[in-house]
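Chemist: A predicted structure for the sequence below; I have some questions about it.
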Amino acid sequence: MADPNINLSDTIVTFVADCDLAHQFVNGGINDVVLTENGPIPTFANVIDKNRQAIAVALNVQQSISGWQWNFAPQLIWTVKHNLNTTVFVESLFDSGGNKLYANVKIIDDTEFVVEFTEAQAGFVNVMFYVNP
């Protein structure tokens, strides 16, 4: 329910001012700061420029992706030994028919993890590893 003490004209003025601030944030330069009622905030370009090194590192990690697949006969625990010295990965589990599975994944160390099921499962796991070059 609308507040009866706020008229439409005031609401539109506030909306236009907020849109202008958003425009300044998105389109401002690398040294610009936008003044808001909660204080100054750096523009998007400013944030990107100040964090350029961290972003470059993150992009470099994303470029170093390795994908693998392991197949398993029916068992309660699937053990994946990858020897890639990383614990940063995304796994997708499937039964032998290709249907998505959900299970507990436990990292043992930077070369191994296990998948724990409540009942024996046959299938495969696809893993995308993110490794430092």
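Modeler: Here it is on my side, so go on. Residues are numbered from 1 along each chain as shown.

Chemist: Now do the contacts for Val114.
Modeler: Under the criterion of CB atoms under 8 Å, 6 or more residues apart in numbering, the neighbours of Val114 are Ile77, Trp78, Thr79, Val80, Val105, Lys106, Ile108. Where you see a C-beta, it was placed from the backbone N, CA and C, and this is true even at glycine.

Chemist: Out of the residues you listed, who's the most crowded?
Modeler: Each of the contacts of Val114 was scored by neighbours using other CB atoms under 10 Å; the highest score is Trp78's, at 24 neighbours.

Chemist: Not including adjacent chain positions, what is the nearest residue to that one?
Modeler: Closest residue to Trp78 in three dimensions, ignoring its sequence neighbours and counting by CB to CB, 6 or more residues apart in numbering: Val115, at 4.2 Å.

Chemist: which strand in the protein runs the most residues?
Modeler: For the chain, the longest strand by residue count, based on DSSP state E, is strand 112-130.

Chemist: Check which residues of the helix ranked longest in the chain are buried.
Modeler: The longest helix of the chain (DSSP state H) is helix 8-27. Under the neighbour-count criterion of 16 or more other CB atoms under 10 Å, helix 8-27 has Gln24, Phe25 buried.

Chemist: Quick one: residues in contact with that helix.
Modeler: Asp32, Val34, Thr36, Ile41, Thr43, Phe44.

Chemist: Report the spatially closest residue to the second one, excluding sequence-adjacent ones.
Modeler: Okay, so that is Val34. Counting by CB to CB, 6+ apart, the residue nearest Val34 is Gln24, at 4.6 Å.
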